[in-house]
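Asker: For reference, the sequence and a predicted model appear below.
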Amino acid sequence: STGQPQVIAPTTDATPCTGTTSCVPTVTPTPTPTPTPNPATISITPSSSSLNVGETLQLTGTVTINGTTHNNVTWQSSNTGITSINSSGLVTAVAAGVTTITAQSVDDTTLSASLTLTINNPSGGGGSTGKIVYVLLGDIYVINDDGTNQVRLTNNTDTESAPAWSSNGSKILFISNRDGNDEIYVMNTDGSNQTRLTNNTAFDLNPVWSPDGSKIAYMSSQDGNNEINVINADGSNPVRLTNNSSVDNYPIWSPNGTKIAYTNNSGGGQLIAINPDGTSPITLSSSVVQALPTWSADSSKLVFIKIGADLYSINAANGTNSTRLTTSNNNSKPVWSPDGSKIAFESTTGGDKEIYVMNADGTNSTALTNNTSVDEKPSWSLDSSKLVFISNRDGNYEIYTMNADGTNPTRLTNTALTEETPKWK
């Protein structure tokens, strides 16, 4: 012994050290346990699948992220004409049909859950509540969707026009010049309690309900040119949303109530979306015909007419993904089906004005009517199974219905006069 500590060469599991060879041991680390994934989830309770018209259902959206559970979700109905839903998840069944309720996590917008609801109408009424509102010789009428029980709601020597059902079917919005110029009125569905909502010397036109029925958007010329305005459903608190020297017209609410789209005649025609309080206007497209655009059921897209009379769809959030849906340059009045799958429209492609339908992506365009007369102004039933329209195929304009595939055309009215602008509810 020399008094120095003895050095012992390390060894490895695979090759022992020998002689003076220097070795580094192989150390096998202890595996770190992989944490068990804790997936984020969202669910809707209860899972009820049907309601009757007039009933309510309280839904709860439950989100679990990293083991933490909360109920912070936003709600949306795919068809607010069939069901309305408030911010707390209370569903109200408005009319017969099928709708989808979606809950989306506020913390993680990629998380969503859906519930399909079937709304039944025990008292009957095909398509929805079984009523169609329309105009005949400047007065407003309603009729059952089987052609029975025609009722005149207004009765005066002035002109009423543009009737529109509220989302819950309890009110009808319309325009009247009974007080000297075009103003906006509302009444009960039996014609009672006719109330003037606007009151000025200008023209107030093209009124449309908000999806929840609490507000009305419209075009007014009271400030010297056409602007978009919003009022409460009782006529209070008028708010001007636009303020420019060009013409703003044809407002329409998104089904989720967060935007109003309209057209503007500047720059060759523009399609614009704006918040209901007038903030954050965004120009979505140019070369747009001044006519009513139409929203998809999920509020993600708009269909509109471009100069040249073709139909285009576009992302409503930012104007991207502009897609030409028709190529015949003879198309107008697009209306998206409440279930979001189809778009009906008018076309003179074959010479006469006919009603067509196509898939939402523009494929499978099909003529539903085919005759030497004029068929126009289509409007969907709330369950998307039928269309109502006007036709002069029997000598003067009458109201007809047909299935969504064009079968079973049925004449509802039979007068020597002209019926106009039917709307189903």
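Answerer: In hand now; what should we look at?
Asker: any idea which element Tyr185 lies in?
Answerer: strand 183-188 (DSSP states H and E).
Asker: Enumerate the positions of stretch 289-306 that are buried.
Answerer: Residues of stretch 289-306 classed as buried by neighbour count (16 or more other C-beta atoms under 10 Å): 289-299, 301-306. Any C-beta I mention is one placed from the backbone N, CA and C, and that applies to glycine too.
Asker: do the same with stretch 309-317
Answerer: Applying a neighbour-count criterion of 16+ other C-beta under 10 Å, the buried positions in stretch 309-317 are 309-314, 316.
Asker: for stretch 147-159, same thing?
Answerer: Judged by neighbour count (16+ other C-beta under 10 Å), stretch 147-159 contains these buried residues: 147, 150, 153-154.
Asker: same question for it, mean pLDDT?
Answerer: Per-region confidence: stretch 147-159 scores 93 on mean pLDDT.
Asker: For that stretch, give me every contacting residue.
Answerer: Around stretch 147-159, the neighbours that count as contacts under C-beta atoms under 8 Å, 6 or more residues apart in numbering are 133, 138-143, 160, 172, 174, 176-178, 187, 189-191, 194, 410-413.
Asker: Which residue is the nearest non-sequential neighbour of Asn188?
Answerer: For Asn188, ignoring the flanking residues on the chain, the nearest one in space by C-beta to C-beta, 6 or more residues apart in numbering is Lys171 at 6.5 Å.
Asker: residue contacts, the one you found?
Answerer: Contacts of Lys171 were listed using C-beta under 8 Å, 6+ apart, and they are 165, 186-189, 213, 233.
Asker: Just the buried subset of those, written out for PyMOL, thanks.
Answerer: The command below creates a PyMOL selection of those among those that count as buried (16+ other C-beta under 10 Å):
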select buried, resi 165+186+187+189+213+233
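Asker: Of the contacts of Lys171, just say which sits nearest to Val239.
Answerer: The nearest member of the contacts of Lys171 to Val239, counting by C-beta to C-beta, is Ala233 at 13.4 Å.
Asker: and Gly350, how far is that from Ser332?
Answerer: 14 Å (C-beta to C-beta, to the nearest Å).
Asker: Pick out whichever of those two has more residues nearby.
Answerer: Neighbour totals were compared for Gly350 and Ser332, and Ser332 leads with 17 against 14 (other C-beta atoms under 10 Å).
Asker: My guess is Met358 contacts Ser365. True?
Answerer: Yes. Because the distance of 4.1 Å satisfies C-beta atoms under 8 Å, Met358 is recorded as touching Ser365.
Asker: Quickly list what's touching both of these two.
Answerer: Residues touching both Met358 and Ser365 comprise Thr326, with contact defined as C-beta under 8 Å, 6+ apart.
Asker: And the strands in the stretch 201-350 of the chain?
Answerer: For the stretch 201-350 of the chain, strands defined by DSSP state E, counting those that start in this stretch occupy the ranges 204-209, 215-220, 227-232, 239-240, 248-253, 260-264, 270-274, 282-286, 294-295, 301-306, 310-315, 323-324, 331-336, 342-347.
Asker: what inclination does the second one have with respect to strand 270-274?
Answerer: Read it as strand 215-220. Between strand 215-220 and strand 270-274, the angle formed by their directions is 150 degrees, by axes from the mean of the first three to the mean of the last three C-alpha atoms, to 10 degrees.
Asker: Just the CA atoms of strand 215-220, as CSV, please.
Answerer: What follows is strand 215-220, C-alpha atoms only, in CSV (Å, rounded to 0.1, in the frame of the first residue of the first chain):
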residue,chain,number,x,y,z
LYS,A,215,-85.6,45.1,-31.8
ILE,A,216,-86.3,46.1,-35.4
ALA,A,217,-83.8,47.2,-38.1
TYR,A,218,-85.0,49.3,-41.0
MET,A,219,-84.0,51.9,-43.6
SER,A,220,-85.0,55.5,-43.0
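Asker: How about the contacts made by Asp107?
Answerer: Asp107 sits next to 63, 65, 70, 72 when contact means C-beta under 8 Å, 6+ apart.
Asker: so how far is Pro409 from the last one?
Answerer: Meaning Asn72. 49 Å.
Asker: With the first one instead?
Answerer: With the distance defined as C-beta to C-beta, Val63 ends up 48 Å from Pro409.
Asker: Could I get the full set of helices for the stretch 301-425 of the chain?
Answerer: With helices called from DSSP state H, counting those that start in this stretch, the stretch 301-425 of the chain shows none.
Asker: Let's see the pLDDT reported for the residue nearest to Thr195 when sequence neighbours are not counted.
Answerer: Spatial nearest neighbour of Thr195, excluding adjacent residues (C-beta to C-beta, 6+ apart): Val186 at 5.4 Å. Note on Val186: pLDDT of 97.
Asker: I figured Val186 hits Asn232, correct?
Answerer: No. Under the criterion of C-beta under 8 Å, Val186 is not in contact with Asn232, lying 11.1 Å apart.
Asker: Neighbour count for Val63 and Pro409, which is higher?
Answerer: When neighbours are counted by other C-beta under 10 Å, Val63 comes out ahead of the other of Val63 and Pro409, with 22 against 17.
Asker: In contact with Ala316, which residues are there?
Answerer: The neighbours of Ala316, taking C-beta under 8 Å, 6+ apart as the test, are 254, 259, 261, 273, 284, 295-296, 299-302.
Asker: Mark which of the contacts of stretch 147-159 are buried, thanks.
Answerer: Buried subset of the contacts of stretch 147-159 (neighbour count, 16+ other C-beta under 10 Å): 133, 139-143, 160, 172, 174, 176, 178, 187, 189, 191, 194, 412-413.
Asker: Great, nothing more from me.
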